[in-house]
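Undergrad: no sequence on this one, just coordinates:
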């Protein structure tokens, strides 16, 4: 699948912008966008709205495959009985500027939603209709540790098209067939360019040989979490101590590119102009993000909460990333964490996944 | 067909509903737009109910109860008289035309009064046109409001951090060594250099406690019902010591009045405050207007009272004033633009010491005050509902806004409500251990207008 070549064509930023503008006219273009001092992936109308020199958006690109909430079914109850309509999202979308950790996250979501039956059609459809144009990171952020969990700041795996910032623009690599057809109309400044990378290339096979390793991030010294014997730490007192300051909010799970828990409920729809006729009532089956950090997660009838203590909930988050999910979905010796560091930055009280890994590895 | 508004009227069964009957018997004309809902008392009409009515598409809500002094439950209408004006100012602030929500009094014999009020109200709402409150689920309007996160603009002068750190450690050690408290909640600096909440269980652990301008966290959120989990070998519930800033100490007063814990179960290490920072060397916006540099309640006080600062209008206050001047459409646009970013992670609620319901009203699955969708109506209902629940209780520690991953300016809601409560009742939360006037029932505090 991966095109391995040391030759890359280069496109200037102006040309890329013009191409994206044309793309935005025919498809939904999602790109890094700055609002209220934070960076988010947002649908944009033109390349002018894109935050070009961006770091890592606060939210991952997960929401465009697995939205915070989505209608699964429209349920109409009227004289003719009950009618169920599945609502499948059909629109095509292109995500520009996806970071390698985001693409890696999508790959990990595939393990649950696509690779093992039953396939989730809602997810599958969005996945098939989405192309990822990745952009290699110039450097790793202070909280990033992708290199510790099998990623790299310029990892082209899981992308459809990969861009590498170089002098005079971006070196372009079509990674998949989908990517190839996407960039078929791209006009290059220089059709034969050997990329001079300025970033580390520890493991990405797509890198030009001899590229310099220039990652300066003390956190890349985080050990591979898969080297930890997780089950041995299940009953550790450590979890109670580490979770002391945890607020049991869900920010970590919602910014995470791989947290994928959800809740499903049928809800009554208020009568709006486009109702289904007199005497007919509408309901929807809705799916929303949920998180094991919430106090009522997995509450059963009768009120039992299997993880009533926040230490149990926090422990579950880490076990899910490094033990439960890899084990259940056959990730082998890989983590269900992409090392994006979003949860580290976002936690209001500095609960830190890298600190947990470091402490347990000790 | 001409536009006819949909009006929901909540009528007290004893007075106003009978008053509506009287109007009918007397063959007085009342508009047909009104859908009456009979309630036991105007005090039964909770603000959540009113918000939900608008969320569901009502063009106007009319609430009628017995005249003050004539309530069949003695004080039910006092509740309505206190709550609804506050609710109206909140909803107005969020973009509703204030004329769409009206509270009035109609006795059982006042058929003519009922007819007049109902007609007046419907005419007014008809004039305003269709309500723009409910956001159609599939058509979120293009939200263009750009808004930079509120930052302070006054330099922060650090004083005595080292000596305060020493004093906190000394006190914590003393308390832990004597067994007077089970643990001490304070601040530490984590491996990444971020200051964060810390729990010291032993005198040795007290050495990690610090004081610095990044001690923005309100640690009282770890008291009461949100207490940390049981740790083996630490007896509970022993008293807990907590390090508080002046704003945090006000939270303790609020929690005490709400019986979240007993006073003797909390040992308060009060620290005088020079302000906290977001960006290095710059005071947080909320601290710029703060004149309360000494905790209002403490068992031991650390630090000298700082010199009085020259009050400089905080960007928060200025923004609240600017929003108040805007038109309903502008305010709607502003708030929808902000709420649009909400992901319902509840970091705001979890960080808040006052948000201590066992199950949040907006997360219950047995009574659907709002659905679980992450859509505009739900997001707004949550934020406005929370702002209302905090009115008269919020101490302005601003932890909610700081915790928000999406930079939603929650302080603009809380500051507005604090301002309204102060204007109506002359009350500021947490300075004395007395409950918010909005949760008490007797008259006297409420000023008309």
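TA: Now that the structure is in, tell me what you want to look at. Every value quoted in this text rests on a predicted model; they were computed, and no experiment measured them.

Undergrad: So which residues of chain A form strands?
TA: Assigned by DSSP state E, the strands in chain A fall at A:7-11, A:28-35, A:38-44, A:69-78, A:81-86, A:93-98, A:130-135, A:161-166, A:169-174, A:190-194, A:262-268, A:281-289.

Undergrad: Of the ones you listed, which is nearest residue B:82?
TA: The closest of the strands of chain A to residue B:82 is strand A:262-268. By CB to CB, the value is 31.6 Å. All C-beta atoms are positioned from the backbone trio N, CA, C, and that covers glycine.

Undergrad: quick one: buried residues of that closest one?
TA: A:262, A:263, A:267 (16 or more other CB atoms under 10 Å in any protein chain shown).

Undergrad: Stretch B:417-430 now?
TA: Judged by neighbour count using 16+ other CB under 10 Å, the buried positions of stretch B:417-430 are B:417, B:418, B:419, B:420, B:421, B:424, B:425, B:427, B:429, B:430.

Undergrad: quick one: the third one from residue B:339, how far?
TA: To tie it back to what came earlier, the one meant is residue B:419. Using CB to CB, to the nearest Å, we find residue B:419 at a distance of 20 Å from residue B:339.

Undergrad: Please list which of the buried residues of stretch B:417-430 are also close to chain A.
TA: By CB under 8 Å from any CB of the partner chain, no member of these lies near chain A.

Undergrad: Just send those back as TSV, with distance to residue B:362 and secondary structure too.
TA: Below are those laid out as TSV (distance: CB to CB, whole Å; DSSP: H, G, I helix; E, B strand; the rest coil):
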residue	distance to residue B:362	secondary structure
B:417	17	helix
B:418	21	helix
B:419	24	helix
B:420	22	helix
B:421	22	helix
B:424	25	helix
B:425	26	helix
B:427	26	coil
B:429	21	coil
B:430	24	coil
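
Undergrad: how does chain B divide up, domain by domain?
TA: B:7-128, B:161-302, B:344-449 (automatic domain parsing).

Undergrad: Ok, which of these comes nearest residue A:113?
TA: Using CB to CB, the nearest of the domains of chain B to residue A:113 is domain B:344-449, at 18.7 Å.

Undergrad: Please state the offset of the closest one from the chain centre?
TA: Centre-to-centre, domain B:344-449 and its host chain are 2 Å apart (CA atoms, centre = their mean, to the nearest Å).

Undergrad: same thing with stretch A:132-152?
TA: For stretch A:132-152 - counting by CA atoms, centre = their mean - the centre lies 13 Å from the chain centre.

Undergrad: Straight-line length of that stretch, end to end?
TA: End-to-end distance of stretch A:132-152 (CA to CA, to the nearest Å): 17 Å.

Undergrad: isn't residue B:221 right next to residue A:246, touching?
TA: No: assessed by CB atoms under 8 Å, residue B:221 is found out of contact with residue A:246, at 11.4 Å.

Undergrad: Model confidence score at residue A:222, please.
TA: Listed pLDDT for residue A:222 reads 87.

Undergrad: do you know how far it is from residue B:211?
TA: Taken as CB to CB, the span from residue A:222 to residue B:211 is 30 Å.

Undergrad: before we move on, what about residue A:344?
TA: To residue B:211, residue A:344 is 24 Å away according to CB to CB.

Undergrad: Thanks a lot, see you next time.
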